[in-house]
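J.: Sequence first, predicted model second:
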Amino acid sequence: MSTVQLNFSGAEINSLLSKVDTPTAPASGNTNMINSGQVFTAVNNLDVNNIAATTLVTESEGIGSNDNDTTIPTSAAVKDYVDTNVTVPVASFTKASGTLTATGLITSYTEVDTTGFAAESSGTITVTGAGTYLVNFGGIFSEGGSGSFDLQYRVDGASVMNRTSTGDQETISYSLPKVISSGTFTIDIRGAESGVSTLTFSDVRVDIIKLA
């Protein structure tokens, strides 16, 4: 066994041993041994009061003014940034109720929460501007009479969903993506009559969401 010579006095050795024998909590400038349980507690209870102000970005400081890889934002700072800067443009068109007694479009929608990229005229909703859109159709439909009505959800005048002879009351929903590089596209809901019948509808809605 190797022999190790300690170049300390007895008093110095006693002082060193006392520091090992009685470990203390972590503290700035502390030269004693640290109690592992207290280290765990200090780390486990880490909060904003123990993070350097230069490292933490608060709501008042703002994420936009701290574009770096060295600071950490608080949840309030993140929420404030998202609420202020992240929006999803949506144009919604609703029709509370009505009937069709001949082939034609549902018309006179109420326009809600529009951002200016869509407008309705005589039942045709026109969307303007390049982008990627999600179109959601929905409504409650029924028909009566000796004939029948086919319900058509249409984009650019072509049916993307066709319900043949709606019959008893039913909720009909449909969604599809639409990519447009330039110009416009149109959306409408059309009833196609066969024979003598009436198409009754309620809670009709068209939502156009601009994804990108």
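T.: Sure thing, it's come through.
J.: tell me the domain ranges of the protein?
T.: Domain segmentation of the chain under automatic domain parsing yields 1-46, 52-86, 90-210.
J.: want to throw the ones you listed into TSV with mean neighbour count?
T.: Placement of C-beta: from N, CA and C, glycine included. Shown next, in TSV, are those (neighbours: other Cβ atoms under 10 Å):
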stretch	mean neighbour count
domain 1-46	10
domain 52-86	12
domain 90-210	16
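J.: Dump these to JSON lines, plus mean pLDDT.
T.: JSON lines is the format used below for those (pLDDT from 0 to 100):
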{"stretch": "domain 1-46", "mean pLDDT": "65"}
{"stretch": "domain 52-86", "mean pLDDT": "85"}
{"stretch": "domain 90-210", "mean pLDDT": "93"}
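J.: In contact with the residue nearest to Phe149 when sequence neighbours are not counted, which residues?
T.: Spatial nearest neighbour of Phe149, chain neighbours left out: Leu199 (4.0 Å); criterion: Cβ to Cβ, 6 or more residues apart in numbering. By Cβ atoms under 8 Å, 6 or more residues apart in numbering, the contact set of Leu199 is Thr99, Leu100, Thr101, Phe141, Ser142, Glu143, Phe149, Leu151, Thr166, Gly191, Glu193.
J.: gap between the most centrally placed residue in the chain and Ser159?
T.: Centroid check for the chain by Cα atoms, centre = their mean gives Val88 as the closest residue, at 8.2 Å. Between Val88 and Ser159 the distance, using Cβ to Cβ, to the nearest Å, works out to 27 Å.
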